[in-house]
Each structure stands twice: as C-alpha cells, then as structure tokens.
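Colleague: Sequence and predicted model, in that order:
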Amino acid sequence: MFVAKRNDINHIYTGKEIQTLISESYYPGLEYNFSCPICNREVEYNGLSTDYLFEFFVHKDGSPDCFAAESVSGGHQIAVEITVKTLHNRINEVTGKQVEINVEKWIGTQPNFVIADVRITSPVQIAAEIYYKASKLALYRRLRRMFSNGYRTYLIFHTGGRHDVDRVEQYVQRVAPLKIGRFNPATLELTLGELFTEEQVNLNQYNYDSLPDYIK
C-alpha cells in the first residue's frame, strides 16, 4: 500500500512523504509506529528499498493489502488511497475524533445497494466515488442510493481516465451547481471538489432526460 496511519498522531501519510522525511533527517529509519488505515493492523515501512508505489507499506503479519483487489487497477487504487488519506486527515482535524473508513463496501442492502469506493461511517457518513475507466457513471442510481442511506458524497475523477473531466462537470452541473473532484496521477495531487448532498442535487426526471446516457 502507498499510505499508512501514524498511530501517535492519528494522521495518514503517503510513502513518498515518509521517504522525504527520512532523506531530510540524520536517521536511517523511523521510530514511529504505522498501521493500515483500513484494518488497523500494524504495517511496516518499506520505502527505502522500493520505487513501486504499492510496496511502501506492507502488513507485518503478511496479510494481503487492504486496498488491492483483482478487479481494481493500479490507476484506480492509487486514487482511492490518496482519497482515503485526504478524507481521513480532514475529518480528523475538523472533528478531533477517530475516523472509521473503509473501501469497496456496500451502501444499502440487497437488492438496492451500491459499492462505494470509499466509505466513512463515523464520525460522519460520507462516501467518495472515484471514476477512472468506467464507461457508465450511473450517477442517478448511485446518488439516490447514497442519499437514501444518509450519505453525502464526493465525486472524484481521475484525469488520466476514460472521460473528459471538464465536460463531465458541465453535465453534472445540470443536476447540481457543484464542482467535482480531480486526481492528477502525474503529481498525485487530489482535490475533493464539493460535497454532494440531497438538498443540493435535483434528481428530477427533466434533469435525468437532459443528461447523456453515460452520465445517468
């Protein structure tokens, strides 16, 4: 994995940030304890011996990477990890509370559910959808299901993905006057955009009909 939580201050860092900290210090290693942001198991920093992003941190017990899955590409995974870091740190700083965060989890129950790329259950309910290579966005179904289960939502687009992000934002603003988020794979920078809430999003039939099929 590329991100890990420093336990003493409850803050998530990327492997690159830790690598820079070490290179700028006189110490060959770190005394800090790190854990996985998803399962909270202890992880080991590996960054001095790797240039591969997803090997910066590994579970000490040898268990699989919580972010990795056969169905998830590297381009999507890195965007998810950076989103987890950004959301966790922001919510923790604002609330001062522990953040319960997970990836690839259901919102809703069968048969009416969606799988959220990132799901926060406490101290607030927030989901984030990261769009990379998906041909259809299923915006109406996803937002309806999240709203009906009490979740507010960020929509984040990988700028190296399938869709023209500026064009998507123009279409989305027919439904809500909000900015979508962006992830830049070249710089690993992420902007969350604005939080989509049920009060701000107009999911009526007229707006639905005005959208291209790949959006709705």
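Modeller: Done, it's in. Residues are numbered from 1 along each chain as shown.
Colleague: looking at the protein, which helix or strand does the model trust least?
Modeller: Every helix and strand in the chain was compared by mean pLDDT, DSSP states H and E; the lowest is helix 15-23, with a mean of 85.
Colleague: what element comes up after that helix heading to the C-terminus?
Modeller: strand 34-35 (DSSP states H and E).
Colleague: Pairing partners for that following strand, with directions?
Modeller: Strand pairing for strand 34-35, using DSSP bridges, gives strand 3-6 (antiparallel), strand 42-45 (antiparallel).
Colleague: So which bits of the last one are buried?
Modeller: Of all the residues in strand 42-45, those buried under the rule 16 or more other C-beta atoms under 10 Å are 43, 45. For glycine as for every other residue, the C-beta is placed from the backbone atoms N, C-alpha and C.
Colleague: can you give me how far that strand is from the chain middle?
Modeller: Its chain's C-alpha centre and that of strand 42-45 lie 21 Å apart, by C-alpha atoms, centre = their mean, to the nearest Å.
Colleague: What mean pLDDT does it get?
Modeller: The pLDDT scores in strand 42-45 average 94.
Colleague: Show residues contacting it.
Modeller: Applying C-beta atoms under 8 Å, 6 or more residues apart in numbering, the external contacts of strand 42-45 come out as 1, 4, 15, 18, 29-30, 33-36, 56-61.
Colleague: Sticking with the residue most central in space within the chain, tell me its helix or strand.
Modeller: Nearest residue to the geometric centre of the chain (C-alpha atoms, centre = their mean): Thr83, 3.1 Å. In this structure, Thr83 sits in helix 74-95 according to DSSP H and E.
Colleague: With Gln98 instead?
Modeller: Per DSSP H and E, there is no helix or strand for Gln98.
Colleague: so what's it up against?
Modeller: Listed by C-beta under 8 Å, 6+ apart, the contact set of Gln98 reads 10, 92, 122-123.
Colleague: can you check Asp61 too?
Modeller: 41-42 are the contacts of Asp61 under C-beta under 8 Å, 6+ apart.
Colleague: how about the helices of the protein, start to end?
Modeller: Ranges of helices in the chain, per DSSP state H, are 15-23, 74-95, 139-148, 165-172, 205-210.
Colleague: could you flag which of the contacts of Gln98 are buried?
Modeller: By 16+ other C-beta under 10 Å, the contacts of Gln98 give 10, 92 as buried.
Colleague: from the contacts of Gln98, which is closest to Val103?
Modeller: Ser122 (15.5 Å; C-beta to C-beta).
Colleague: Distance of the residue nearest to the closest one when sequence neighbours are not counted relative to Gly47?
Modeller: Of all residues not flanking Ser122 in the chain, Glu100 sits nearest, at 4.1 Å (C-beta to C-beta, 6 or more residues apart in numbering). To Gly47, Glu100 is 27 Å away according to C-beta to C-beta, to the nearest Å.
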